[in-house]
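Asker: sequence and predicted structure are below.
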Amino acid sequence: MSELLVVLALISSVFMGISIGASTVASAFGPVNSARSANVLRSAFLAGIFALAGAVIQGQNVADTVGSGIISGEIKVVQAASVLLIAALLVIISVLGDYPMPTAFTVIGAVIGSGLGFGNGVMWGSVGRVVGYWILIPFLAVAMGYGISKLIRNTVSREDSEKKIRLLLLVTGCYVAYSAGASAVGLAVGPLGALKYSNTALLLMGGLSILIGSWLYSPRIIRAISFDYSNIGPRRSVAALGTAAILAQVGIYFGIPISFNEAVIASVIGSGLVEGKSNVDAGKIGYTVLGWIAAFAVALVTAFAAGLILG
């Protein structure tokens with residue numbers, strides 16, 4: 001039975017990684033594709049490669065937070081499997097509905113719920129630190145995206161530097177994909193600490209899963225972010241991606257599993273506001289935010305119920 005639970009936990013982790021690649025990593029190349037700097041399939045390929053690199057090189061901080069910084073005590077194998085499976089199913093549902101969902105919301109919600117259900121103590125101070133940063137991200141991202149976009153618009157000539165801007169946009173998108181992999185891989189492998197496997201092996205497994213998900217499924221979300229949230233050009237796209245990269249790296253440094261879609265979408269909105277409010281689809285954004293909150297709550301309640309049943 002124990003071997004079967006280990007296999008289930010590993011499969012759930014891979015499933016979660018694929019879900020992350022399909023949803024979170026795609027955000028990095030939505031603005032790139034919107035600005036016509038790369039086609040959708042090429043964007044998905046590049047995003048996956050750089051996300052794999054970020055996962056292996058810089059993913060341990062967030063993995064430590066998810067594995068031991070949210071709930072106290074050892075996470076059981078069956079508990080890890082239930083957390084990852086619940087969160088992955090919610091993210092895949094969001095991908096099929098073309099609504100990019102922050103995987104951090106679902107995983108952290110599931111971890112908290114499982115801790116309550118399986119009898120672990122919840123480190124509410126750590127939870128407050130994570131949620132506090134999530135709350136700050138939209139305000140910081142909108143302000144930074146708007147300010148950087150305004151600066152670029154006023155200082156960079158469209159006629160003289162179109163190729164340079166598009167190259168900068170592509171490079172920035174690759175770096176954001178790298179940061180997305182570094183930030184999100186811990187959500188896929190963090191709960192597996194009970195298996196006592198090598199950290200490097202777990203990060204590599206998670207990174208490869210993200211790579212597969214990005215290649216197979218992310219074009220849907222790339223199209224959604226490119227055209228549904230804000231119609232932005234290459235200069236404002238640079239501002240949006242640069243903002244998201246900064247916020248992601250701050251989160252990685254402090255071990256906070258950032259809601260990466262939240263950062264990208266908010267910065268896309270901020271950069272798009274340079275052209276006026278009419279350039280933003282408020283209805284789509286409102287439904288997305290409500291979906292994120294509901295996903296956190298559903299993940300928490302479902303994982304809590306699973307803990308009561310399985311614990």
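Answerer: Here it is on my side, so go on.

Asker: C-alpha only now, for contacts and for neighbours.
Answerer: Noted.

Asker: show me where the stretch 1-150 of the chain has helices.
Answerer: 2-23, 30-34, 40-58, 60-64, 77-96, 103-118, 124-155 (DSSP state H, counting those that start in this stretch).

Asker: and those, which one averages the lowest pLDDT?
Answerer: Lowest mean pLDDT within the helices of the stretch 1-150 of the chain: helix 30-34, at a mean of 63.

Asker: related to what we said a few turns ago, and among the helices of the stretch 1-150 of the chain, the most buried is which?
Answerer: Mean neighbours per residue, mean count of other Cα atoms under 10 Å, is largest over the helices of the stretch 1-150 of the chain for helix 30-34, with a mean of 29.

Asker: ok, back up a step: need the helices of the stretch 1-150 of the chain in JSON lines (columns: distance to V274).
Answerer: What follows is the helices of the stretch 1-150 of the chain, written out as JSON lines (distance: least, Cα to Cα, whole Å):
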{"stretch": "helix 2-23", "distance to V274": "27"}
{"stretch": "helix 30-34", "distance to V274": "15"}
{"stretch": "helix 40-58", "distance to V274": "25"}
{"stretch": "helix 60-64", "distance to V274": "34"}
{"stretch": "helix 77-96", "distance to V274": "29"}
{"stretch": "helix 103-118", "distance to V274": "29"}
{"stretch": "helix 124-155", "distance to V274": "6"}
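
Asker: quick one: which of those is nearest S237?
Answerer: Nearest to S237 among the helices of the stretch 1-150 of the chain is helix 30-34 (5.3 Å), distances taken as Cα to Cα.

Asker: and the helices of the stretch 1-150 of the chain: which comes nearest I293?
Answerer: helix 103-118 (7.8 Å).

Asker: buried residues in stretch 191-198?
Answerer: Residues of stretch 191-198 classed as buried: 191-193 (neighbour count, 16 or more other Cα atoms under 10 Å).

Asker: sorry, that was for stretch 282-297
Answerer: Quick answer for stretch 282-297 (16+ other Cα under 10 Å): 285, 288, 291-292, 295-297.

Asker: quick check, nearest of the residues you listed to E162?
Answerer: I285 (29.8 Å).

Asker: so which helix or strand takes in that closest one?
Answerer: helix 282-310 (DSSP states H and E).

Asker: what angle separates that helix from helix 103-118?
Answerer: 30 degrees (axes from the mean of the first three to the mean of the last three Cα atoms, to 10 degrees).

Asker: can you name every helix or strand that helix 282-310 contacts?
Answerer: On a contact count with 3 or more Cα pairs under 8 Å, 6 or more residues apart in numbering; DSSP states H and E, helix 282-310 meets helix 77-96, helix 103-118.

Asker: can you redo the ones you listed as a markdown table with distance to S259?
Answerer: Formatted as a markdown table, these follow (distance: least, Cα to Cα, whole Å):
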| stretch | distance to S259 |
| --- | --- |
| helix 77-96 | 13 |
| helix 103-118 | 5 |
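
Asker: now do the buried residues in the helix or strand that contains Y175.
Answerer: Using DSSP H and E, Y175 falls within helix 162-189. In terms of neighbour count (16+ other Cα under 10 Å), helix 162-189 has its buried residues at 165-166, 168-170, 172-189.

Asker: pLDDT check: weakest of the buried residues of stretch 191-198?
Answerer: Confidence by pLDDT is poorest for G193 among the buried residues of stretch 191-198, given 80.

Asker: ok, the spatially closest residue to that residue that is not a sequence neighbour - contacts?
Answerer: The shortest distance from G193 to any non-neighbouring residue, by Cα to Cα, 6 or more residues apart in numbering, is to G67 (6.2 Å). Shown in contact with G67 (Cα atoms under 8 Å, 6 or more residues apart in numbering): 75, 190-193.

Asker: just flag the most distant two among those residues.
Answerer: Counting by Cα to Cα, the most remote pair of these is I75 and G190, 10.0 Å apart.

Asker: more neighbours: these two, which one.
Answerer: Applying other Cα atoms under 10 Å to I75 and G190 shows that G190 carries more neighbours, namely 29 against 22.

Asker: I figured that one was touching G59, is that so?
Answerer: No: counting by Cα atoms under 8 Å, G59 is not a contact partner of G190; they are 9.7 Å apart.

Asker: sorry, back to before: any buried residues in the helix or strand following the helix holding Y175, and which?
Answerer: Using DSSP H and E, the helix or strand that follows helix 162-189 towards the C-terminus is helix 199-217. Residues of helix 199-217 classed as buried under the neighbour-count rule (16+ other Cα under 10 Å) are 199, 202-217.

Asker: quick one: helix 199-217 to helix 162-189, angle?
Answerer: 120 degrees.

Asker: give me the contacts around helix 199-217.
Answerer: With contact meaning Cα under 8 Å, 6+ apart, helix 199-217 is reached by 13-23, 25-26, 41, 44-45, 47-49, 51-53, 55-56, 59-60, 181, 185-186, 188-189.

Asker: do you know how far I252 is from V274?
Answerer: 29 Å (Cα to Cα, to the nearest Å).
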